[in-house]
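Trainee: Quick one: sequence plus predicted model below, questions after.
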Amino acid sequence: MQVIGELSNHLWQSTLFACAAGLVTVPLRANQARVRYWLWFSASCKFLVPFALLMSMGAPLPRAPATPKIVTAPAVASAIIEISQPFSDTLPLPSTRGSHDAALIVIFGIWSCGFVGIAVIRFRGWLHVRAAVRCSTAMDISSTVEVRSSAGLIEPGVVGFWRPILLLPAGLIERLTTRQLEAVLAHEVCHVQRRDNLTSLIHMIVEALFWFHPITWWIGARLIEERERACDEAVLSRGGEPHDYAEAILNVCKLYVESPLQCISGIAGSNLKRRIQEIMAGRIGRDLQASKKIALAMLGVAALAAPIIVGSVRAQSTAPRPEFEVASVKPSAPNTRFMIRTLPGGGIFGTYVPLKRLIATAYSITDFQIFGNSKLLGEQYDLTARAPHPTDLPQLRLMLQSLLEERFNLKFHRETRDLPIYSLVVAKKGPAEPSGLEKNPGGDCSVAVTPQDSAPDGKRLPACGNMNIGYGRIFGRRARISQLADRLSTLLGRTVLDKTDLAGIYNVELTFTPDPTMGEPPPGVPAPDPLGPSIFEAIQQQLGLRLQAGRGPVEVIVIESAHFFPN
């Protein structure tokens, strides 16, 4: 329902714009109707200019996304290797969209019926006016506009946009005095000079497109009212006699009916009683004070600049999501060994990886934070994806998000649930600096040190600043305790919160007897000692830390749907 959401947002903002225009017109006096008219017309035009379009003016041009290419996954020795970077809590989750085609069709059908109905009514009115114009005859009246006479009961009005003509009903001259006729002609010439027909046509289009919104009809009534009052002001400011002018309007209203189209500017319209009172009071239009001109100019600039500024800020905060240069995803063969790892130069490679694990890797969460169709999430896939250039893990996660949306049409939403958790705290007893939690004097990885590829016992250590999981082993070099908590979350299937208040950089070496659910050890890894410590015992004995069980709020992802689309 993204289209409906965007339309609702646009209508809401247009409504606020119209209300703001109404508030601005309050301090303007009655003899400033021409200013109020243009304020209402700008509110009408706002319906034709989506807020998102103005926002896009503040955003940079989008870059064309890279098209994923099909590659064949290479044969790699089986192993259990975790992606060796700490999870990030700041990666954005995309908004989800449901499939609501039927609802959109129904809504579009209702809108079409209303649009066609309004169009038919306007078209019939136009045919009526066109027939009157075709039957009209030229009149010998001195005016800046061509004057023609037409039989009928339509009031005097200006017809046309580019070459307007003034259409007078037959017999009008005999029913009005000379001064009254001059006042009527001056009123209509004012409509021509202001191009009221064109602005009225634009608002008629707005009413047809947004016929369901009451604000558009309210604006239309205000436009007609201010249009006529602005011409009244112009006639009086040019020396028109208020008494003769008022009588002319009353006689026209008594003898003739109003035009069937708003874009035919006549002499009637708006609140007749209030118009006559203002005319007889001799309220002649005056220019706005300098302070009001500045205030209105600032309001107009703000109305246009605000969405552009918002779009610029949003474009900087939501950069286009990167994509892999080449990517291959296919169902795994049975009995393949699970593995997922990063590739040198930027990329991800995995075999027999459940969809749940791909989602967890992409959005920097653990498997237990994902809920949904268990069968769907348990399906295994082989993955090979390479970045267009060397990149870090946060960027790889964003690329994997794009790949999941493209190949699986992944849709989900986020929730916060009360779930079991662990708190990692400092044990009351135990050495202050155990051998497995050695404080590194070299600081974090921003300090240059000599690389160390392996420990004294020949075991491979992770890169500087990383924390990795092996079979019955957690090991890290110059890493933080928060990274250890992330790895424990993965192993234990619960959120582990770092409550140790240890802000230093540590070398971590933790060995334990794996849970039987971890399966058999990989080739070349010796079988674990069945009498060895569990992970809970090892954390306290080797690190001087302890896990406390509890409950707390956990952010989870609920999968709504996913369908695999082969390469």
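Mentor: On my side now, so go ahead. Residues are numbered from 1 along each chain as shown.

Trainee: okay, now the domains of this protein?
Mentor: Per automatic domain parsing, the domain ranges recorded for the chain read 2-63+99-306, 326-561.

Trainee: Adding mean neighbour count, write those out as TSV.
Mentor: In short, each C-beta sits where N, CA and C put it, glycine included. Formatted as TSV, those follow (neighbours: other Cβ atoms under 10 Å):
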stretch	mean neighbour count
domain 2-63+99-306	17
domain 326-561	17
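
Trainee: Just give me the lowest mean pLDDT stretch among these.
Mentor: When those are ranked by mean pLDDT, domain 2-63+99-306 comes last with a mean of 74.

Trainee: Can you tell me the SS state at residue 407?
Mentor: Assigned with DSSP: H, G, I helix; E, B strand; the rest coil, residue 407 falls in the helix class.

Trainee: ranges for the strands of the stretch 101-250 of the chain?
Mentor: Under the criterion DSSP state E, counting those that start in this stretch, the stretch 101-250 of the chain contains strands at 137-138, 146-150, 157-159, 165-169.

Trainee: Go through those and name the closest to residue 325.
Mentor: strand 157-159 (62.6 Å; Cβ to Cβ).

Trainee: still on that earlier bit, using CSV, lay out the strands of the stretch 101-250 of the chain together with distance to residue 337.
Mentor: Formatted as CSV, these follow (distance: least, Cβ to Cβ, whole Å):
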stretch, distance to residue 337
strand 137-138, 95
strand 146-150, 90
strand 157-159, 83
strand 165-169, 86
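
Trainee: and stretch 353-369, how far apart are its ends?
Mentor: Distance between the two ends of stretch 353-369: 17 Å, counting by Cα to Cα, to the nearest Å.

Trainee: ok, back up a step: which one of the strands of the stretch 101-250 of the chain lies closest to residue 510?
Mentor: It is, among those and with distance given as Cβ to Cβ, strand 157-159, at 87.9 Å.

Trainee: who does that closest one touch, helix- and strand-wise?
Mentor: When contacts are defined as 3 or more Cβ pairs under 8 Å, 6 or more residues apart in numbering; DSSP states H and E, strand 157-159 sits against strand 165-169, helix 178-194, helix 196-209, strand 265-266.

Trainee: Between helix 178-194 and the third one, find me the angle.
Mentor: An angle of 60 degrees separates the directions of helix 196-209 and helix 178-194 when computed by axes from the mean of the first three to the mean of the last three Cα atoms, to 10 degrees.

Trainee: what residues does helix 196-209 touch?
Mentor: Contacts with helix 196-209, where a contact means Cβ atoms under 8 Å, 6 or more residues apart in numbering, come from 41, 44-45, 47-48, 115, 118-119, 122, 158-161, 164, 191, 216-217, 219-220, 223, 227, 261-265.

Trainee: picking up where we left off before, who wins for proximity to residue 250 among the helices and strands packed on strand 157-159?
Mentor: Across those, residue 250 has its closest neighbour in helix 178-194 (9.7 Å, Cβ to Cβ).

Trainee: I'd assumed residue 235 was in contact with residue 186.
Mentor: Yes: between residue 186 and residue 235 there is a contact at 4.8 Å, judged by Cβ atoms under 8 Å.

Trainee: I'd assumed residue 218 was in contact with residue 15.
Mentor: No: using Cβ under 8 Å, residue 15 makes no contact with residue 218, being 10.0 Å away.

Trainee: give me the element residue 251 is part of.
Mentor: Element membership for residue 251, per DSSP states H and E: helix 242-255.

Trainee: Counting by contacts, list what that helix packs against.
Mentor: helix 172-175, helix 178-194, helix 214-237, helix 272-280.

Trainee: In JSON lines: the ones you listed, plus distance to residue 381.
Mentor: Below are those laid out as JSON lines (distance: least, Cβ to Cβ, whole Å):
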{"stretch": "helix 172-175", "distance to residue 381": "83"}
{"stretch": "helix 178-194", "distance to residue 381": "67"}
{"stretch": "helix 214-237", "distance to residue 381": "51"}
{"stretch": "helix 272-280", "distance to residue 381": "74"}
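
Trainee: To residue 8, which of those helices lies closest?
Mentor: Closest approach to residue 8 among these (Cβ to Cβ): helix 214-237, 13.5 Å.

Trainee: can you give me the angle that closest one makes with helix 178-194?
Mentor: Here helix 214-237 runs at an angle of 130 degrees relative to helix 178-194 (the same axes, to 10 degrees).

Trainee: so where's the longest helix in the chain?
Mentor: Using DSSP state H, we find that the single longest helix of the chain is helix 101-134.

Trainee: What is that one packed up against?
Mentor: helix 2-25, strand 146-150, strand 165-169, helix 196-209.
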